[in-house]
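1. Quick one: sequence plus predicted model below, questions after.
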Amino acid sequence: MADLSFAIEPVYLATVFLFIIALQRMSHPLTARSGIVWAGAAMLIATLVTFFTPNLTNIALIAIAIVVGGGFGYIAARRVSMTHMPQMVAFYNGMGGGAAAGISAVALLGPTTAITASLAVAGGLIGAVSFSGSLIAFLKLQGWMPSRPVTFPGQQPVNMVVLALAIISGIFVVLQPSWVPLSVSMWLPLFFLLALGFGLLMTLPIGGADMPVVISMYNAFTGLAVALDGFSFATPNYAMIIAGIIVGAAGSLLTLHMAKAMNRSLANVFFGAFGATEEQAAQVSGSMKAIEVDDVAILLAYADRVIIAPGYGMAVAQAQQKVKELSDLLGARGVSVKFAIHPVAGRMPGHMNVLLAEAGVAYDHLFDRDEVNPEFPGTDVVLVIGANDVVNPAAHRQGSPLFGMPILDVEQAKNVIVLKRGQGKGFAGIENDLFYRDNTRMLYGDARETVGKLVQALKKL
């Protein structure tokens, strides 16, 4: 077989450009699907060319791992609904962090220098934290553990002690001082055990309302870990370095954007235990007032301006197709229809944009919070579909756990109709002032069924 190792690095660099194109295309809902295809093609090319590495061993095991992992990914991608996409993203991101930690472990067990070992330890620490932290995020999103913050006395000092011990053990792995009785092979498991423990402890006190920020942060962690691992080899792997830096930078920017959208610092997100204590119910006055489908249909049909504010409840009910049909019917009657998209609506960044784009809603009908907020006072009807925390006026009230978080100011509209299954609180566990306002009416039921009834009622008018 001809020696094609000379082509590995040029092909790796070519795949980097494909990754850049993929990220650029994934930044817009209209081209996001093709961006995924570009990224998949780049990864496939990078994987295939790796088989031409000189002296590559365990080829059969590598091939089996690719078949098993690829098969699992294909089946999961076909079966997992959009409702469960956030936890799928968290899970796969954790797998990426775990893979980065595994690569650093292999590098540390081989011949290293102080510099390459230090880079491998740094990559292993970040990758392990991303792995265990992402798994906690997955469990919370999946509902297999409480979504509320899990706290205990002295939690932050304990976290810092565990992190310090992980770093110290990593230093012993790198320096191998003669006065330390254990070998690298003994310190390495302890290092990873402590790193995994820190990831668990850091994520437990983070509540469900902060999951979009957490997912994007761990995505950045995984990218950074991969980049550091790329530097840890005797011959640097430029594909890992550049691709990891790109993913890490994109994840970091998205994380900062999400934190800004909630008007909170990253320190507050990761150490504030948001939602750990409930607000007193006595601070909410009034009562929820129900409304019937036919009355809502009349309000919508004779309105001049309607704004639809979707949330995670729309995703749960898979109501986006019916919502698209409703907006088309209203548009045909001459009603101006816009969609108000809060940056952290849903449980992952861009969740609502993806759902609505999947349903065929034109991108120019989607408006972010800053664009749409000035329009609410002149809007006849706002239809809130499954959104809760991102439309809660309690964010304007000092003393509320939500205070300071930028929201969609839907309460300023003439009429607010909230589609909701029941009278429960949002994912943050905080009572919603909006539901008790005089201009708000509650339309109870499954969102897809309820919007379907609205569509039929509109057609009869």
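-> Structure's in. What do you need? Numbers count the residues shown, from 1 in each chain.

2. Just to be sure, Ser400 is in a strand?
-> No - when classified by DSSP: H, G, I helix; E, B strand; the rest coil, Ser400 is found to be coil rather than part of a strand.

3. Any figure for the gap between the nearest residue to it once chain neighbours are set aside and Glu431?
-> Closest residue to Ser400 apart from its sequence neighbours, by CB to CB, 6 or more residues apart in numbering: Ala394 at 4.1 Å. C-betas here are computed from N, CA, C, even on glycine. Per CB to CB, to the nearest Å, Ala394 is found 7 Å from Glu431.

4. Same check on Ala345?
-> With distances taken as CB to CB, Ala345 is found 19 Å from Glu431.

5. Which one's more surrounded, the two?
-> Neighbours per residue, other CB atoms under 10 Å: of Ala345 and Glu431, the larger number sits with Ala345, 29 against 21.

6. what sits against that one?
-> Shown in contact with Ala345 (CB atoms under 8 Å, 6 or more residues apart in numbering): Ala309, Pro310, Gly311, Tyr312, His351, Met352, Ala387, Val390.

7. From Asp364, how far off is it?
-> Look at Ala345 and Asp364: by CB to CB, they are 19 Å apart.

8. for Val296, same thing?
-> To Asp364, Val296 is 26 Å away according to CB to CB.

9. Neighbour count for the two, which is higher?
-> Val296 (22 against 7).

10. Help me confirm that the more buried one is found in a strand?
-> No - Val296 is assigned helix when assessed by three-state DSSP, not a strand.

11. which ones are touching it?
-> Val296 is in contact with Ile417, Arg441, Leu443, Leu454, Ala457, counting by CB under 8 Å, 6+ apart.

12. could I get those as TSV with pLDDT and distance to Thr222?
-> Below are the contacts of Val296 laid out as TSV (pLDDT from 0 to 100; distance: CB to CB, whole Å):
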residue	pLDDT	distance to Thr222
Ile417	97	41
Arg441	95	45
Leu443	95	41
Leu454	95	42
Ala457	95	48
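
13. By neighbour count, which of these wins?
-> Leu454 (26 neighbours).

14. how much space is there between that one and Ala447?
-> 10 Å.

15. Repeat that for Gly350.
-> 20 Å.

16. higher neighbour count, those two?
-> Ala447 (25 against 19).

17. My guess is that one contacts Ala319. True?
-> Yes - using CB atoms under 8 Å, Ala447 is in contact with Ala319, at 4.0 Å.

18. Which neighbours do those two have in common?
-> Common contacts of Ala447 and Ala319 (CB under 8 Å, 6+ apart): Ile385, Gly386.

19. quick one: buried residues of stretch 240-260?
-> By 16 or more other CB atoms under 10 Å, the buried positions in stretch 240-260 come out as 240-248, 250-252, 254-256, 258-259.

20. Inside strands: which ones of those?
-> Among those, none falls in strands (DSSP state E).

21. Off-centre distance for stretch 238-253?
-> How far stretch 238-253 lies from its chain's middle: 17 Å, per CA atoms, centre = their mean, to the nearest Å.

22. The residue nearest to Ser400: neighbour count?
-> 21.

23. again, but for the one 3 residues further on
-> Number of residues near Arg397 (other CB under 10 Å) recorded here: 13.

24. Grab the nearest non-local neighbour of it.
-> Phe403 (6.3 Å).

25. isn't that neighbour right up against Pro393?
-> No - Phe403 lies out of contact with Pro393 (CB under 8 Å); the separation is 11.0 Å.

26. okay, those two: which has more neighbours?
-> Set Phe403 next to Pro393 and count neighbours by other CB under 10 Å: Pro393 wins out with 18 against 12.

27. wouldn't the more buried one be in contact with Leu434 here?
-> Yes - Pro393 is within contact range of Leu434, at 5.6 Å (criterion: CB under 8 Å).

28. Which neighbours do those two have in common?
-> Taking CB under 8 Å, 6+ apart as the criterion, Pro393 and Leu434 both touch Glu411.

29. Tell me which residues touch Met211, please.
-> By CB under 8 Å, 6+ apart, the contact set of Met211 is Pro86, Ala90, Ala137, Lys140, Leu141, Arg347, Met348.

30. switch to 10 Å and redo it
-> Contacts for Met211 (CB atoms under 10 Å, 6 or more residues apart in numbering) come out as 86-87, 90, 137-138, 140-141, 147, 203, 344, 346-348, 427.

31. quick check: mean pLDDT across stretch 110-127?
-> In this model, stretch 110-127 has a mean pLDDT of 92.

32. That one: which residues count as buried?
-> By neighbour count on 16+ other CB under 10 Å, the buried set for stretch 110-127 is 112, 116-127.

33. Can you tell me which of those is nearest Thr222?
-> Distance to Thr222, by CB to CB, is smallest for Gly127 among the buried residues of stretch 110-127, at 6.8 Å.

34. Which element, helix or strand, includes the closest one?
-> helix 114-142 (DSSP states H and E).
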